[in-house]
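Colleague: Sequence and predicted structure are below.
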Amino acid sequence: MKNILFGCSLFFSFQISAQTFNSIVNTGIPDDGSDISFYINVSGLPDIIDTDFGLETVCLNLDHTYDSDLELKLIAPDGTTFLLFGGIGGDGDNFISTCLNKNAATNIAAGSAPFTGEFIPMGDMGIINNGQNPNGIWTLHVYDTYAFADIGYMYSWDITFGNEPALPFDFSSSTLPIIILDTDGAEIYDEPKTPGQIFIIDNGVGMLNYSSDTIFAYQGKILTELQGFTGPYYPKKNYDFDLLNDADIEIDTTLLGLPAENDFILKAEYLDYSLMKNALTYEMSRRMGQYAPRTKFCEVIVNGEYMGVFSLTEKIKRNVNRVDIAKLDGTDISGDALTGGYIIEINENFTPNDWNSLFLPINDITCDFPVAFKMVYPRLDSIKPEQLDYIHNYVDSFEIALNSADFLDAENGYRKYIGVKSFIDFMLVNEFSANYDSYGRSTFLFKENIADGGQLKIGPPWDYDRGYAPWTVEGWVWEITHPYWPYPFWWSKFREDPEWVDEVYCRYSSLREVVLNTESFHTFIDSIQILLQEPAARNFTKWAELGVTDYNYFVDELTNFVDARLNWMDAALAPDYVEAPDASFTFTNVGMTNYQFFPTTIGAGYSWDFGDGTTSNLESPTHTYAGPDNFIVTLIVDQYYGCSSLVSQLVDVQIGISDLVKENIQIFPNPFSTELTIKIPTDFISGEITIINSLGESVLKQKFRNTSELTIYAGKIPAGSYIVQLQSGDKQLHMPVIKK
């Protein structure tokens, strides 16, 4: 419920350029989670405010005992809104004789409490001077973002119009796509979602995109809200939006080349001065073979105000193009259908948890929170009790197995419950990014249906804008932990599994050859740096409070961090060295051109190439060659998820008549001249008859099904000695014959 206070007097003259309208308020600022608005009724001004005459200054007087809790916005009569300030001043007090003017020397975010004097506002005051009629109600919107903690009191405020109006931010074109969100001036909240429209300008690679363009790559209706836990408190917000058709029904659509879906996020990357940490992390995760959100850089305008560089990002959802797991509906409450899929988030964000871990976090000495699980799919408001019980019990069973003395048991240990490879890859992603904001927060897991394996896997990775900090080059994140966010005990327990230790070493060493090769990071970073060079300059001019005047400095800082971090990981994992497996093998002829192959290393992963265009992943495969020849057979043995070796050797495939005759079948006449009649054994229900010459070449084939006798015309083959082969599944019979 908004509190409305109104009272103002105005002082102006048509003969003077500056005209000020003042309101005496003398009212408390609520600290109960509600907002409050104060009003000034402006009249007597020209009908248009623009770049010649318009809003110049907003001044205010208020007390508050924790300045950074406050967020103040000015709303014009036509609904145009801009941010005066928010989240500044820390635990300092008060804004006394504080004036906001676009032409001031210092951004208010660079000031300190108590704030007194003239400052540049955090938002774009110039969007107010848009040709609207200024005569009407002007609103000062005040919101204490941290309820039940500190008190405030509003004394007065005023607004001044004159011949030196604030000019809008200079943004007309970009090499990046431009995304415009328009809610017709309506406020965008954390929730509920606000209806609006989206317009995307994308003229193609190498072409300029103009904010004034009226031909759109996409336009349509949306519902939008602020996204993130801390994101809504920053002046540059994240936006979550759903795409709608004209009937207000969600529709799946491709945006900027991203696979079709109806739910996307515009990530502000406000705290990431390189603007690319999320994109870099997700890219490397995808190269590791795991799904991670795809992103597209763009510049964004919200309700007429330029907001800077964003990354259009896939929201984590169940979808064939995102987290590809089975769909659950309300009838899936028993049997195999109940087993998946599910998406869970570990996230302590001061909202109710769907359940807590049975075990204390590994950092419980400094952390007061439990490891918190929250349902992402299905949501708690739609999940059936049987489904919630199932996934809750499954996660509990995994944790109990991992915590038990028998956690390495081959049948009932922790590996029964989880896809270990996904956990190794997730750990490596978190570690090369040194992301202390993960493991205990923004950590997703998904549970597959039993038809797809049925295990619990971890991922996709999410939210790395606070990673890659230059002071975190050394130390394992899972071991040091964030002091306040609850880390599950899993990661230290995994290290007690010798096979896990070997797998981590092997996987990391394998990835370092190409995917996590230092040069691969450099190449990606360099490509994004070139792409963002000019847009980044605009972004940090817009958000001057960040103090970023040299974008390239922070890109270099990111590059240097990656180099140092990977070098540290190389050294830290070196003691876990695993010797490459023996990829040698033997083989033997098992009849005709059939050969069986035997690897020296048992219990690993195998990739056989038989040299004739065919392959196998079996441990000891049997392969049938078409005929005699020399073939180079290659075996790759992969052990412990990445330690691999390759061996090739020559196999001389030969065939002779005596080799082919294993068992007799009844054939007549023999010798024959034109036709052969073959008795089919009763256990050969269907199959194929092949006549093979002395070189092992097939000269005639004929299929059979459900017959006890078959006559074949073979009058056209040359005279000579042949083998008749009867094949049904893996059963073979052979008989030599002579053609007269």
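Modeller: Cool, got the structure.
Colleague: Contact partners for the closest residue to S172 other than its chain neighbours?
Modeller: Leaving aside its sequence neighbours, S172 sits nearest to S211 (CB to CB, 6 or more residues apart in numbering; 5.7 Å). C-beta coordinates here come from the backbone N, C-alpha and C atoms, glycine included. Contact partners of S211, counting by CB atoms under 8 Å, 6 or more residues apart in numbering, are F171, S172, S173, S174, I178, I180, I201, I301.
Colleague: Most neighbours of all these, which one?
Modeller: I201 (26 neighbours; other CB atoms under 10 Å).
Colleague: Does that residue touch A217 like I think?
Modeller: Yes - applying CB atoms under 8 Å as the test, I201 and A217 come out as touching, 6.7 Å apart.
Colleague: if I look at the two, which residues touch both of them?
Modeller: By CB under 8 Å, 6+ apart, the residues touching both I201 and A217 are P177.
Colleague: Relative to A268, how far out is F241?
Modeller: Distance of F241 to A268, computed by CB to CB, to the nearest Å: 14 Å.
Colleague: what do you get for L100?
Modeller: Taken as CB to CB, the span from L100 to A268 is 22 Å.
Colleague: again, but for P77
Modeller: For P77, the distance to A268 - CB to CB - is 29 Å.
Colleague: Am I right that N552 is in a helix?
Modeller: Yes - checked against DSSP: H, G, I helix; E, B strand; the rest coil, N552 lies within a helix.
Colleague: So which helix or strand of this structure has the lowest pLDDT on average?
Modeller: strand 3-6 (a mean of 37; mean pLDDT, DSSP states H and E).
Colleague: Any idea which residue is closest to the centre of this protein?
Modeller: Centroid check for the chain by CA atoms, centre = their mean gives P293 as the closest residue, at 2.5 Å.
Colleague: check contacts around that residue.
Modeller: By CB under 8 Å, 6+ apart, the neighbours of P293 are Y282, T313, E314, K315, I316, R322, P460, W462.
Colleague: count of neighbours near the nearest residue in space to it that is not next to it in sequence?
Modeller: Setting aside the residues directly before and after it, P293 is nearest to E314 in space (CB to CB, 6+ apart), at 4.1 Å. A count of nearby residues for E314, using other CB under 10 Å, gives 24.
Colleague: same deal with A434?
Modeller: Neighbour tally, A434, other CB under 10 Å: 25.
Colleague: Work out for me the element it sits within.
Modeller: Under DSSP states H and E, no helix or strand contains A434.
Colleague: Could you measure from it over to V504?
Modeller: 16 Å.
Colleague: Over to N278?
Modeller: 24 Å.
Colleague: With Y146 instead?
Modeller: Applying CB to CB to Y146 and V504 gives a distance of 41 Å.
Colleague: Which of the contacts of S211 fall within strands?
Modeller: Judged by DSSP state E, those include S173, S174, I178, I180, I201, I301 as members of strands.
Colleague: Check these and tell me the two furthest apart.
Modeller: S173 and I180 (13.7 Å; CB to CB).
Colleague: On the three-state scheme, T541 is what?
Modeller: With three-state DSSP as the criterion, T541 reads helix.
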